[in-house]
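the following comprises the amino acid sequence and a computationally predicted model.
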Amino acid sequence: MCCGPALARKTPPGTAEALMRSRYSAYVLKDIAYLKETLWPKYQAGFDADAVDRWSRESNWTGLTVLATEKGDGAAREGKVLFVARYLAGAKLHTHRELSLFRKSGGRWYYVEALDET
């Protein structure tokens, strides 16, 4: 419900955390085009849609927990979101923990890269 307008390309996410949640939903729904569209423009040309699609299809996404956010709202131009996504793959439960960097350009948030937590 929260990510529907973003995934329908009607309303872009208003915060870094909202973009991160919509990108998780895109993995769940196998919306690979959305993942590319919300990637920092500099990195879109190198986006490996086939590999992302394969990982998305081989995984049964089971949950998302946001652990922390830093900036990423209001007038901020950058934000960080620490999260854990859980998924089943190969009959095993896996966790993907990531500190993500997001940037705003032209009034839209984009995923930039995973950062070191240290």
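That came through fine. Numbers count the residues shown, from 1 in each chain.

the longest helix in this structure is where?
Ranked by residue count and defined by DSSP state H, the top helix of the chain is helix 16-29.

let me see the ranges of the strands in this protein.
Along the chain, the stretches classed as strands by DSSP state E are 60-71, 78-89, 92-105, 108-115.

same for the longest helix of the chain, what does it pack against?
In terms of contacts (3 or more Cβ pairs under 8 Å, 6 or more residues apart in numbering; DSSP states H and E), helix 16-29 is packed against helix 4-7, helix 32-37, strand 60-71, strand 78-89, strand 92-105, strand 108-115. Any C-beta I mention is one placed from the backbone N, CA and C, and that applies to glycine too.

figure out which of the ones you listed is closest to residue 54.
Evaluated over the helices and strands packed on helix 16-29, closeness to residue 54 peaks at helix 32-37, with 9.9 Å, by Cβ to Cβ.

ok, residues contacting that closest one?
Residues from elsewhere that reach helix 32-37, judged by Cβ atoms under 8 Å, 6 or more residues apart in numbering: 6-7, 9, 22-23, 26-27, 44, 47, 49, 52-53, 56.

among these, which ones are buried?
Among those, those scoring as buried are 6, 7, 22, 23, 26, 27, 52, 56 (criterion: 16 or more other Cβ atoms under 10 Å).

so what's the fifth one up against?
Going by Cβ under 8 Å, 6+ apart, residue 26 touches 7, 32, 34, 35, 38.

next one: the third one
Residues in contact with residue 22, defined by Cβ under 8 Å, 6+ apart, are 3, 6, 7, 13, 34, 38.

you'd agree the third one is up against residue 25?
Yes: contact status for residue 7 versus residue 25: in contact at 6.2 Å, counting by Cβ atoms under 8 Å.
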